[in-house]
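Participant: Predicted structure and sequence below. I'll ask about it afterward.
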Amino acid sequence: MAAAAAGSGAGGGGRSFSFKVVLLGEGCVGKTSLVLRYCENKFNDKHITTLQASFLTKKLNIGGKRVNLAIWDTAGQERFHALGPIYYRDSNGAILVYDITDEDSFQKVKNWVKELRKMLGNEICLCIVGNKIDLEKERHVSVQEAETYAESVGAKHYHTSAKQNKGIEELFLDLCKRMIETAQVDERARGNGSSQSGTGRRGVQIIDDEPQAQSSGGCCSSG
Amino acid sequence: MEPPDQPDGLGRDPVYDVPDPHAFPQPRPARGSPNNVSLLDRLLLTQSVWLQLSLNSATALHILQREPPGTFLVRQSNTRRRRVLCLRLLDDLAPAFVASYCLQERAAGVSLEGSSWSFPDLLHLVASYCLSREVLPVALRLPQPIQQAVSHKELEAISHLGLEFWSSSLNAKDPPEPPEPPLCGDAAPAAGQLGAIPTRSPRELDCGLGNGALGFLNPLFQGRDGGLRRDDFKRSIKVRVSTETSSPLSPPPKPPPPIPSSQTGMPSTLRREPGQNSPLSMSGYRVPQRAGEPLNPKPAGVSLPSLQELDSGSPSGSESEGGGGPRAPSPPAQRRPRAPLRSMSDAVLAVLAPEKQLARAVEGLARDRSTRLGASVQDFLTLVRGGGGEWQSSHELLSPVRTFLTHTKTQLLQSPALELPSPTLLPDHRLDAVLERALHRCVLKPLKPVLASRLRRLRVADGSLGQLRENLRLVREQGPGAFPARATLPSPHDTQRARRKLLQLLRAYSPSTQVTLLLQACKGVYRAMGAAPDGSYGADEFLPVLSFILAQCDLPQLLMEAEYMMELMEPSQLLGEGGYYLTTLQASLALLGHFHEEEPRELRPDVQRSLSWRHQSPSGRPPGSPCQDPQPEKTQAPCSGCHSTTPALGAQGTAEQLRGHPTDNSLPLHPEGQRQPQEHPDQHRHPREMGPGLRPPHRLLREGAIDLDEPL
C-alpha cells in the first residue's frame, strides 16, 4: 500500500498526503468525463499532453492537510479486465463507476469491489458511483439496491452527472477525507507519529512548491 | 492501417515536441531513399560514432578488427598529441589490418599528414576520402546502418549510441543471439509494415549528438565549389547549434549566437578528386526555413512540466555525459529549475551550477575507492557483477540495486563529511534528484548491460520473451482489428516516431531518462490519435492504440526494459505520470504477451456466430472504425471488442503459469502472498461484448498477476 502520507521529499508546509486513486468501470459509463470534469483537464497544461485524460492530478487543501491526488484511469473494456491489478496495486482509493441506465455496468462494479477487497483488503477506500443521473428517467439500477450494496461492502455510494457537473466535488472531497483518515489510522497503528511535518503554511489553499514526485502535473487547485 | 503515404495533415506534424502542431507546417523532403540525406549530414549526425577522441588505440583496433575494410575512427593520440584517422585495411594488406594517419590541423584547414590536400574541416576531409581512393589505400566507408539510414531521425538514433554503436546489435554482422531479431532492423523498416520512413528536419533533432559534436565544426568553412550545397549544410549546422543547448525539456535560456553567415573572404580549400562526382554534392536535403521561424525547436518543456519534475533534463544529454565521445564542456544552464526563481534571471546560473558540480563531485567520489562512497559503490558493482544466478524474478534481481541506490542517496544526504558544493543552494527535492541521477551514472551505467542480460535470461527461460515476440507478429498480421479502438490509429510515420523514442529508451540506463522518453513516446501516440471527440482520451482509447503501436514497433525487449524501469525508478516517481505510463506500458505488454490466448486458432461455428453478432453491435465503437475487416483469410477473431476464447489453454494452463513464476512480474503486487490463483468460470461478461457462444476468456496472467475471472 502506498504509504499515503509518506510521499517524498519535504513539502514546505503542514501535513502532506499523496494518494493514488484508481478509476474503474466499464467502457461507456463516463468515468473519463467524470474525472475530466473534476480536474478540468482542458485548462491543464501540466501533463504530457492535454490530449490525455488517463492520468490526472488534483491538489487539495483539506483543513490544512495538503492532498495530492493522482487519478489513474483504466481501460474498461472486458478484454482489459485482467490488467486491473497492474493498475490498482498500491492504490489508496478506488472510484468504481457505473451507468445508472446500465444494469450490467453495475454488475461489473460489483466484480471490481470483490476483487479489490480481496486483493487490497480494507485499506483501500471504495467509492461506488452511479453516473449519468441526468438520465434519471432511464434508470435501470435502483438507488436502494445500489446504496444497500455499497453499505454491505463498506463502500460509499454517490450519484453524479458528469454532464451536469453534479456530485463530483463531493465525491472526491469525501474520498480524500476518508483516505486521510485511513492513512492516519494506518500511521498510528504503525506507531509512526508523523511522516511529514513542517512549518506553518496551514490553510494555504494552493500549494505550489511540491515535492517533486507528487506534484507531477497537478495544477488544479480547489478548496 | 493508414496508407503509409498519407499526407501529413496539420495534426500530424512531424515535429515531435512542439506543443502547437500548427506552428510549423513545413514541406517535407521526399523520403524513403538514402539519398535524401547527404553524406555530410550522415557524417555530421553520426560523429558520436566515428569521432572517438578519447578512445585508446587498443580499443580502436578492437573495434575496427570486426569491421569491413574502409571503416574508420578518428581518435586522439596521446603520444602523437594529435588526432589520428584509424582506417581498417583490406585483410590482404597484412601485416597490419589498421593504418593510422595523423591529421594536421592548421589555420588553413585539415589535412592528412603528408598530403597536400587540405580541407576546411575534418568533416570535409572524411567526406572527401569516403569518395576518393586516391590517397588512402581504401576509401573510407561509414558503417552499413549509417549508410543506409534514410532519415535524420534514424541517424540520430544511431548517434545516440555513440561508441556503443560498434558493439550494438544494430551494427551486428551476425547477430550474437540468433533468436533475437536485430534490435533495429530499423535502418530499413520491415517491408510492408511500417512503410516509408519520413525524414525529418533538423529542427526536430532535439537531442542528437553529444555535446562536443560541434567542437571541430568550423563555422567558417567554405564549400562553394564542387557543388557543395553549402547553404543546406550550414543551416543544418545552425540547427544543431541551436539544439546544442536545448533539450526537449529545458529550453535554452537564450538562443545561441548564430553562426556567421558571411560567405565571402574565405577561399575554399576544399579540393576534389578530378573525375569524381562532386564529393560533397550528394546533399538532396534542404532544410525548410521560413522567414521568421525561430531556429530553436520550441522546447517541449513547455508542455512537459511533469517531465521536468522527473528531473530528466535532456535524456540524451544526461545519458551521454561521461560517455566515450568528445565533449565540449556544456553550459550548465541547460536545466531549468523547477522551483520558481526567487531572484533575478541571472540567478539561474547560480542555482544550476551547483547541480552540475554536485553531480560531478559525487561521480568523482564514487570512482575513488579510497573514499567511503567509492568503496561502497565499487564493492557493490563487483558484488552485482559477480552475482550468481539465484534470482527468480526481476524483483529479486533488481530490488537490491534499488535499495542500494536509495540507501546510498540517504547517506549522501546525511553525510556532513561529503563536501557537497553549495548544496544549500538547491532545494531539497532538487538535491535528491541530482543525487539520484548521479548515482544512476555511477551505478546503473556500469551495471545495465549485466542486469539487462540477466533479465533477458529470465524472460527467455520462462518463454515470455519468445511469446511476446510471436504475439507481436500475430498482432501485426491481424492489423488494426487486433485492438479495435475508437481513436484514429496512428500512421506508420507516427509509429516510426514512437519507435525511435522507444529505441532510445532501450539504450538508456537511467530510469529517469527512460521514463522521460516513454512519456515522449506516449505523447506522440496521443498526438497521433488526433483530437478526441470530447476533449481528451482516457485509458479506454489509449491502451488499445498503444498496444497496436507496440506491436508495430516490434521491440519485445521492452518487456525487460519495463521491468528494469519499474524496479529501479525512484519509488516516489511511481505515483506520478511517469509511473502511470510505465504501468500502462507494462499493461500493454502483458496484454500483448497473452494475445495468443485470446485468439482461437480456428473459428468454431459458435465463434463465427458471435463474430457476426459482434459486428452488429460495436459496443461504443462508431461504425467505420478500423475493425471492420476481419481479414477473412485468417481464421481468427480479429476485431472483437472482447475476448474470444482459447479452448486450448484453459484454467489448467493458467494455474501452471502462476505456479511456475510465482514472483515474476516484479510488480510487488501483494507481497504477503495474496497471489493464490483460483480458477472459475467467468460469470460476468458483458453480453454486449461476449458472443453467446463464447466461453469465458482465458485471462491474462502475467506472472504474478491474478486470475481475475474468479468471483471474488
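Facilitator: Noted; the coordinates are in hand. Numbering: from 1, shown residues only, chains lettered A, B, ... in the order given.
Participant: Show me what the longest helix along chain A packs onto, helices and strands only.
Facilitator: If you go by DSSP state H, chain A has its longest helix at helix A:168-189. When contacts are defined as 3 or more C-beta pairs under 8 Å, 6 or more residues apart in numbering or on different chains; DSSP states H and E, helix A:168-189 sits against strand A:16-25, helix A:31-39, strand A:55-62, strand A:65-73, strand A:93-99, strand A:125-131, strand A:156-159. The way it works is simple: take the backbone N, C-alpha and C, and place the C-beta from them, glycine included.
Participant: Now do it against strand A:65-73: the angle between them, please.
Facilitator: Per axes from the mean of the first three to the mean of the last three C-alpha atoms, to 10 degrees, the angle that helix A:168-189 makes with strand A:65-73 is 110 degrees.
Participant: which parts of helix A:168-189 are buried?
Facilitator: Buried residues in helix A:168-189, counted by 16 or more other C-beta atoms under 10 Å in any protein chain shown: A:168, A:171-172, A:175-180, A:182-184, A:186-187.
Participant: With stretch B:376-393 instead?
Facilitator: Within stretch B:376-393, the residues that count as buried by 16+ other C-beta under 10 Å are B:S376, B:V377, B:Q378, B:F380, B:L381, B:V384, B:W391, B:S393.
Participant: Give me the pLDDT for residue 41.
Facilitator: All of this is about chain A. In this model, A:N41 is scored at 51, pLDDT.
Participant: try chain B instead
Facilitator: Looking at B:D41, its pLDDT reads 82.
Participant: does it sit in a helix, a strand or a coil?
Facilitator: Assigned with DSSP: H, G, I helix; E, B strand; the rest coil, B:D41 falls in the helix class.
Participant: Okay, it and chain A: tell me how far apart.
Facilitator: 30 Å (C-beta to the nearest C-beta, to the nearest Å).
Participant: pretty sure B:L435 belongs to a strand, no?
Facilitator: No - using three-state DSSP, the assignment for B:L435 is helix, not a strand.
Participant: helix or strand for the closest residue to it other than its chain neighbours, which one?
Facilitator: Spatial nearest neighbour of B:L435, chain neighbours left out: B:K409 (4.9 Å); criterion: C-beta to C-beta, 6 or more residues apart in numbering or on different chains. Here B:K409 sits within helix B:394-414, counting by DSSP states H and E.
Participant: circling back to that earlier point, turn the helices and strands packed on helix A:168-189 into CSV, columns for mean neighbour count and distance to chain B.
Facilitator: CSV is the format used below for the helices and strands packed on helix A:168-189 (neighbours: other C-beta atoms under 10 Å in any protein chain shown; distance: least, C-beta to the nearest C-beta, whole Å):
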stretch, mean neighbour count, distance to chain B
strand A:16-25, 27, 6
helix A:31-39, 25, 3
strand A:55-62, 23, 4
strand A:65-73, 26, 4
strand A:93-99, 27, 11
strand A:125-131, 26, 13
strand A:156-159, 19, 19
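Participant: Save these as CSV, and put in distance to B:L555 too.
Facilitator: Output for the helices and strands packed on helix A:168-189, formatted as CSV (distance: least, C-beta to C-beta, whole Å):
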stretch, distance to B:L555
strand A:16-25, 28
helix A:31-39, 28
strand A:55-62, 23
strand A:65-73, 25
strand A:93-99, 32
strand A:125-131, 37
strand A:156-159, 42
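Participant: Nearest to B:F542 among the ones you listed would be which one?
Facilitator: Ranking these by their distance to B:F542 (criterion: C-beta to C-beta) puts strand A:65-73 first, at 8.3 Å.
Participant: Using PDB, write out every CA atom in whichever helix or strand comes after the closest one.
Facilitator: Proceeding N to C from strand A:65-73, the next assigned helix or strand is helix A:84-88, under DSSP H and E. Extracted C-alpha coordinates of helix A:84-88, given in PDB (Å, rounded to 0.1, in the frame of the first residue of the first chain):
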ATOM      1  CA  GLY A  84      -6.600  -4.400 -13.300                       C
ATOM      2  CA  PRO A  85      -4.000  -5.500 -10.700                       C
ATOM      3  CA  ILE A  86      -1.200  -3.800 -12.600                       C
ATOM      4  CA  TYR A  87      -3.100  -0.600 -12.200                       C
ATOM      5  CA  TYR A  88      -4.700  -0.800  -8.800                       C
END
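Participant: for helix A:84-88, what is the average pLDDT?
Facilitator: 94.
Participant: Packing partners of that helix?
Facilitator: strand A:16-25, helix A:103-120, helix B:577-593.
Participant: Show me the buried residues of stretch B:376-393 that map onto helices.
Facilitator: Among the buried residues of stretch B:376-393, the ones falling in helices (DSSP H) are B:S376, B:V377, B:Q378, B:F380, B:L381, B:V384.
Participant: Next, format those as CSV and append pLDDT and distance to B:A521.
Facilitator: Shown next, in CSV, are those (pLDDT from 0 to 100; distance: C-beta to C-beta, whole Å):
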residue, pLDDT, distance to B:A521
B:S376, 91, 35
B:V377, 93, 31
B:Q378, 92, 35
B:F380, 93, 31
B:L381, 93, 30
B:V384, 90, 29
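Participant: any low-confidence regions in the chain?
Facilitator: All of this is about chain A. A:1-14, A:41-48, A:192-223 (pLDDT under 70).
Participant: not what I meant, chain B
Facilitator: Scanning chain B for pLDDT under 70 picks out B:1-35, B:92-95, B:173-352, B:388-389, B:415-426, B:534, B:598-712.
Participant: for it, what's the longest strand?
Facilitator: In chain B, taking DSSP state E as the definition, the longest strand is strand B:98-106.
Participant: What is the next helix or strand after it packed up against?
Facilitator: Later in the chain than strand B:98-106, the nearest helix or strand by DSSP H and E is strand B:109-112. When contacts are defined as 3+ C-beta pairs under 8 Å, 6+ apart, strand B:109-112 sits against strand B:98-106, strand B:118-119, helix B:122-131.
Participant: between the ones you listed, which gets nearest to chain A?
Facilitator: helix B:122-131 (36.4 Å; C-beta to the nearest C-beta).
Participant: what packs against that closest one?
Facilitator: helix B:39-45, strand B:72-77, strand B:109-112.
Participant: quick revisit: closest to B:R42 out of the ones in helices among the buried residues of stretch B:376-393?
Facilitator: For those, the residue nearest B:R42 by C-beta to C-beta is B:L381; the value is 36.6 Å.
Participant: Touching, the closest one and B:L444? I think so.
Facilitator: No - between B:L381 and B:L444 there is no contact under C-beta atoms under 8 Å: 10.3 Å.
Participant: Neighbours of B:Q148, how many?
Facilitator: Look at B:Q148: counted by other C-beta atoms under 10 Å in any protein chain shown, it has 13 neighbours.
Participant: which one of the buried residues of helix A:168-189 is nearest A:G30?
Facilitator: Nearest to A:G30 among the buried residues of helix A:168-189 is A:I168, at 10.9 Å by C-beta to C-beta.
Participant: mind listing what the closest one touches?
Facilitator: Residues in contact with A:I168 (C-beta atoms under 8 Å, 6 or more residues apart in numbering or on different chains) are A:L34, A:R37, A:Y38, A:T160, A:A162.
Participant: In the stretch 351-500 of chain B, which residue sits nearest chain A?
Facilitator: The stretch 351-500 of chain B approaches chain A most closely through B:H429 (4.1 Å), counting by C-beta to the nearest C-beta.
Participant: list the helices and strands the strand or helix carrying that residue packs on?
Facilitator: In this structure, B:H429 sits in helix B:428-439 according to DSSP H and E. Counting by 3+ C-beta pairs under 8 Å, 6+ apart, the packing neighbours recorded for helix B:428-439 are helix B:347-367, helix B:394-414, helix B:511-529.
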